[in-house]
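**Q** here is my input, please return the structure:
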Amino acid sequence: MDSLPIRRALISVTHKDGLAELAALLVERQVELVSTGGTLQALSDAGLPVTPVSGVTGFPEILDGRVKTLHPCIHGGILADKDNPAHLATLAEMRIKPFDLVCVNLYDFAAAVASGQAPGKAVEEIDIGGPCLIRAASKNYHSVLVLPETAAYAAFRTEFTRGAGKVSLAFRRRMAVRAFSLTAAYDAMIADYLGRSPED
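**A** Numbering: from 1, shown residues only. Here you go, the predicted structure:
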């Protein structure tokens, strides 16, 4: 699929710079927003219509927020190949709606380490759901756009506006490359920290 219409977006971000403006642009184009936790609250506070992830999964956030988006109704909607009729049939059978945009940035593990937190506390800032979402959307860039950092918002606005609500395959691939670079660096940072921190 070359030109992808953006109709449904999953947004879950640690860094909320530019979030309200980005989401407002999406809502203006009648994009459905799905979100979690603090991002959900920020979007609601901005007066934007948004559906909680729990409303999609039918399952509440559990384990102090460690498990929110790890669910077939989320990942099925991200990983389905929109050019594959069998995938679309499965979504229809399971009543799973596809996502077109995944806007996620990661927990700030570097800040947790820099603040001198003990290892047992710092590990709570290791993002699990975020990398899973980013990697899933990046793998499926033929069918989904990933925006893995706030620095990508300006380029997206240009692409989205110029495309009248659609984004090109070339742009989706470029964002996927950037996303994999970010998650690789994130994992490397965690491995380095755990490798040199005192044992529990």
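
**Q** now do stretch 11-27: everything it contacts.
**A** 6, 9, 33-39, 42-43, 46, 48-50, 53, 68-69, 101, 103-108, 127, 129-130, 133, 149-150, 153, 156-157, 160-161 (Cβ atoms under 8 Å, 6 or more residues apart in numbering). Where you see a C-beta, it was placed from the backbone N, CA and C, and this is true even at glycine.

**Q** look up how far residue 11 lies from the most centrally placed residue in the chain.
**A** The centroid of the chain falls nearest to residue 104 when counting by Cα atoms, centre = their mean (3.1 Å). Residue 104 is 8 Å from residue 11, where distance means Cβ to Cβ, to the nearest Å.

**Q** got it, and residue 184?
**A** Residue 184 is 23 Å from residue 11, by Cβ to Cβ.

**Q** neighbour-wise, which of these two wins?
**A** residue 11 (24 against 11; other Cβ atoms under 10 Å).

**Q** quick revisit: what pLDDT does the residue nearest to the centre of the chain get?
**A** As predicted, residue 104 sits at a pLDDT of 94.

**Q** pretty sure it contacts residue 134?
**A** Yes: contact criterion Cβ atoms under 8 Å: residue 104 and residue 134 qualify, at 5.4 Å.

**Q** what do the two both touch?
**A** Contacts common to residue 104 and residue 134, judged by Cβ under 8 Å, 6+ apart, are 146, 148.

**Q** for the longest helix along the chain, packing partners?
**A** Longest helix of the chain, by residue count under DSSP state H: helix 169-196. Packing contacts for helix 169-196, counted by 3 or more Cβ pairs under 8 Å, 6 or more residues apart in numbering; DSSP states H and E, involve helix 109-114, helix 129-139, strand 145-147, helix 153-162.

**Q** okay, now the unreliable bits of the chain?
**A** Applying pLDDT under 70 to the chain flags residues 112-120, 197-200.

**Q** measure residue 10 to residue 76 for me?
**A** Distance from residue 10 to residue 76, by Cβ to Cβ: 12 Å.

**Q** more neighbours, the two?
**A** residue 10 (26 against 18).

**Q** specify the local secondary structure of that one.
**A** Using DSSP: H, G, I helix; E, B strand; the rest coil, the three-state assignment for residue 10 comes out as strand.

**Q** so it is in contact with residue 103, correct?
**A** Yes: look at residue 10 against residue 103 with Cβ under 8 Å: they come within range, at 7.1 Å.

**Q** about what we covered before: okay, the helices and strands packed on helix 169-196, which one's buried deepest?
**A** strand 145-147 (a mean of 27; mean count of other Cβ atoms under 10 Å).
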